[in-house]
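**Student:** next comes the sequence, and after it the predicted model I'd like to discuss.
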Amino acid sequence: MPKPAQSPGSVIPGMRSIRLKRPHYRRDYYLGYLYLLPALVMFITFFIYPFIQLIWLSLHEWNGYDAKLFVGTLNYQNLFSDKIFWLAFQHNLSWTLAAVFFPISIGLFLAILLSRTPMRGKVFFRAIYFFPQVVSSISVAVAWSWIYNPNYGVINQALDLIRLDQLKRGWLGSSQFALPALFIIWSWIQYGFSMVIFIAALEGIDEVYFEAAKIDGANWLQQLRYVLLPFISRPLTTIVLTTTIASFQVFDLVFALTNGGPGRATIVIPLYMLDSAFTFHKIGYGAAIAVVLCLFIFLFSLLLLRVRGTFRE
Amino acid sequence: MSVLKVSSVALFSSPKRRLQFIARSMFYTALAGAVSLVILIPIYLTVVTGLKDRHEVVANPLGLPAEYIWENIAAAWEGGNFDRYFVNSIMVTIPTVTGVLVFSTLAAYAFALLSFPGKEKLFKVFLAGLTIPLGVLSIPLFYLMNSFKLLDTHWALILPEIGISMPFGVLLLRSFIQDLPSEILDAGRIDGCTDWGLLRHIVIPLSRPALFSLLIFNFTWSWNEFLLAVVLLQTESARTLPLGLNFFRGRYSSNYPLLMAGATITFIPVMIVYILFQRHFIKGIVAGSVSGT
């Protein structure tokens, strides 16, 4: 006997499901597309199309004026033996590793302070802590160039004060310290993001779990590990992902303050990409750098989401 | 309010306990205050240095100005062309934000409440946009804008910024509209609302918090956008504030008071918006990141 057709939404076998939603007339189809049209046109013209163009350009040799010359994967081959590219990659990578540790730890510390201690003025302090996130990065660069100023900057003045003058230096002009100095500025901007995400996660934890842990004699470190961590592991992966992507896109501060120097001490991938394309007029090569950057970020995202998936099981 | 506070208040069994609680509360509040002072040092220095005399900056780099030189702001505003940069920033930011709000509301409505073939696939296309680092688009966008003959105009920034903002805007608004109580939407339909009426009279008023978050988020982003501006605006007259400030820095690298006055002019508008609406702002960031993954 053939089984009666069963629609997925029905509870009683054989009975046609009753759809509570309005029946879909053809009119809806065209209406859906109509509402979608402006967003889709903008998105395709200024996002999808340029992205395809980018890949297309990366397969050519082009100086921006003459005819494009199709060279296949030559740009990519050159890229892999390009020492400057690998240096920039190395800078971005160490930037990422530091970024996953410092701004995120500061963010977590402040989030705990704001949402799990009996302090006053929580909304007020949260607003102050988050403020660096909204300041224009070039304003930030100007402010910090003053802080790092070799003669009058806060840092060197402070070193004077505690009689450590031999440590004084032009921080952004030193090939050894320029990259860490830039990273500190960036961390000052960046921690606020992880802080607000952590706050949202922490406020969802029921106090009962902490009380239970305390009764069981857990110290604060154990509470952190066994109570807090499971609750924040999901937002944590989100933050790690976002921070990594941001680390590989670092541009504004570097461009404004050191422009890759001194020498090549602070060159990063986005800067090298624009330099190749617009300073050295190797558009195809710049495009290839951009594509490799996209690929790397894509693969990393995939990997991280996979790791998160296995942890949850 | 955290759960901890409530339970602790309920647990005050003795005056000693209560005193302990108050002491802890004071300790943490003082700690928070100290942290905020450290965080605000760069902001403080920017504003204060921008109001100092050139000689005082060297003699007294850290303290409050002995004499407030408001002329610095005026000098940067007129002499440094910040008036023009300011107007440019407004002329770029307002159309961008308007476009993003209107287009993503319409698209989010379609994705949340209408049905049409290919809906899921199209939505995935928008989602994929979130995985691409935006800076990489600057090279092809330069040639696209060049072929449109739009380089060095406001449109060179407005159009790409709208296009680039679509994934985040659509995603944020769609998840909000989807969570609206269906009873209200059904009631509207029963009363004979068309889709347009439903959108105008029910969905938009109810989505005001999400729209507001998107507005503020996008305003700040567009106001501060630098990489695209560097590539797409080459002439002096087209520069937006961050770009203008950077060029200004190259020219007056030793005149710190003027430079700081320029930096202050650049971040003050965003700061005002932030002070007025910071809750919405933070909500927007959290909502965007949580729905993003």
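**Tutor:** Happy to help now that I have it.

**Student:** if I look at B:G79, how far off is B:F142?
**Tutor:** Going from B:G79 to B:F142 by Cβ to Cβ, to the nearest Å gives 31 Å. Bear in mind the C-beta positions are built from the backbone N, C-alpha and C, glycine included.

**Student:** and these two? Which one has more around it.
**Tutor:** When neighbours are counted by other Cβ atoms under 10 Å in any protein chain shown, B:G79 and B:F142 differ, and B:F142 comes out ahead with 23 against 12.

**Student:** checking my notes, that one in a strand, right?
**Tutor:** No: counting by DSSP: H, G, I helix; E, B strand; the rest coil, B:F142 falls outside a strand, being helix.

**Student:** contact partners for it?
**Tutor:** A:278, B:151, B:231-232 (Cβ atoms under 8 Å, 6 or more residues apart in numbering or on different chains).

**Student:** what pLDDT is listed against it?
**Tutor:** Here the pLDDT value assigned to B:F142 is 94.

**Student:** thinking again about what came up before, now, which of the contacts of B:F142 sits nearest A:F251?
**Tutor:** B:V231 (10.7 Å; Cβ to Cβ).

**Student:** report how many residues lie close to that closest one.
**Tutor:** 22.

**Student:** what sits closest to it if chain neighbours are left out?
**Tutor:** Of all residues beyond its chain neighbours, the one nearest B:V231 is B:S138 (4.3 Å), with distances taken as Cβ to Cβ, 6 or more residues apart in numbering or on different chains.

**Student:** helix or strand: which one has that neighbour?
**Tutor:** helix B:138-147 (DSSP states H and E).

**Student:** just the C-alphas of that helix, formatted as CSV.
**Tutor:** C-alpha atoms of helix B:138-147 as CSV (Å, rounded to 0.1, in the frame of the first residue of the first chain):
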residue,chain,number,x,y,z
SER,B,138,40.7,49.1,-3.2
ILE,B,139,42.8,48.2,-6.3
PRO,B,140,39.9,47.2,-8.6
LEU,B,141,37.6,49.9,-7.1
PHE,B,142,40.2,52.5,-8.2
TYR,B,143,39.9,51.3,-11.8
LEU,B,144,36.2,50.9,-11.6
MET,B,145,35.8,54.5,-10.4
ASN,B,146,38.3,55.7,-13.0
SER,B,147,36.2,54.2,-15.8
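
**Student:** check which residues of the helix or strand that it is followed by are buried.
**Tutor:** For helix B:138-147, the succeeding helix or strand toward the C-terminus, using DSSP H and E, is helix B:155-178. Of the residues in helix B:155-178, B:155-177 count as buried by neighbour count, 16 or more other Cβ atoms under 10 Å in any protein chain shown.

**Student:** what's the spacing between A:I215 and chain B?
**Tutor:** Distance of A:I215 to chain B, given as Cβ to the nearest Cβ, to the nearest Å: 13 Å.

**Student:** what do you get for A:A141?
**Tutor:** 8 Å.

**Student:** for that residue, what are its contacts?
**Tutor:** So A:A141 contacts A:185, A:252-253, A:256-257, B:246, B:249 (Cβ under 8 Å, 6+ apart).

**Student:** among these, which lie within helices?
**Tutor:** A:185, A:252-253, A:256-257, B:246, B:249 (DSSP state H).

**Student:** take these and lay them out in TSV including distance to B:I285.
**Tutor:** Listed next are these as TSV, based on distance: Cβ to Cβ, whole Å:
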residue	distance to B:I285
A:I185	20
A:D252	19
A:L253	20
A:A256	24
A:L257	26
B:N246	26
B:R249	29
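
**Student:** ok, those residues vs B:P133, which is closest?
**Tutor:** A:D252 (13.7 Å).

**Student:** quick one, what contacts that closest one?
**Tutor:** For A:D252, counting by Cβ under 8 Å, 6+ apart, the contacting residues are A:137-138, A:141, B:226-227, B:242.

**Student:** name the nearest residue to residue 99, ignoring sequence neighbours.
**Tutor:** Since you didn't name a chain, this refers to chain A. A:S247 (4.6 Å).

**Student:** my question was about chain B, not that one.
**Tutor:** B:I162 (4.2 Å).

**Student:** in chain A, what residue lies closest to chain B?
**Tutor:** Nearest residue of chain A to chain B, counting by Cβ to the nearest Cβ: A:F46, 2.7 Å away.

**Student:** in terms of pLDDT, where does the nearest residue to that residue once chain neighbours are set aside sit?
**Tutor:** In space, and not counting its chain neighbours, A:F46 is closest to B:G163: 2.7 Å by Cβ to Cβ, 6+ apart. With respect to pLDDT, B:G163 scores 94.

**Student:** shouldn't B:G163 be in contact with A:L40?
**Tutor:** No: B:G163 is not in contact with A:L40 according to Cβ atoms under 8 Å; the separation is 10.1 Å.

**Student:** state which helix of chain B is the longest.
**Tutor:** helix B:256-292.

**Student:** in chain A, which spans are helices?
**Tutor:** Going by DSSP H, chain A shows helices at A:26-43, A:49-58, A:74-80, A:83-115, A:122-130, A:137-147, A:154-161, A:178-202, A:207-215, A:220-223, A:229-248, A:252-257, A:269-274, A:283-312.

**Student:** want to throw those helices into JSON lines with mean pLDDT?
**Tutor:** Conversion of the helices of chain A to JSON lines gives the following (pLDDT from 0 to 100):
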{"stretch": "helix A:26-43", "mean pLDDT": "85"}
{"stretch": "helix A:49-58", "mean pLDDT": "95"}
{"stretch": "helix A:74-80", "mean pLDDT": "92"}
{"stretch": "helix A:83-115", "mean pLDDT": "93"}
{"stretch": "helix A:122-130", "mean pLDDT": "90"}
{"stretch": "helix A:137-147", "mean pLDDT": "91"}
{"stretch": "helix A:154-161", "mean pLDDT": "83"}
{"stretch": "helix A:178-202", "mean pLDDT": "91"}
{"stretch": "helix A:207-215", "mean pLDDT": "82"}
{"stretch": "helix A:220-223", "mean pLDDT": "80"}
{"stretch": "helix A:229-248", "mean pLDDT": "86"}
{"stretch": "helix A:252-257", "mean pLDDT": "93"}
{"stretch": "helix A:269-274", "mean pLDDT": "94"}
{"stretch": "helix A:283-312", "mean pLDDT": "87"}
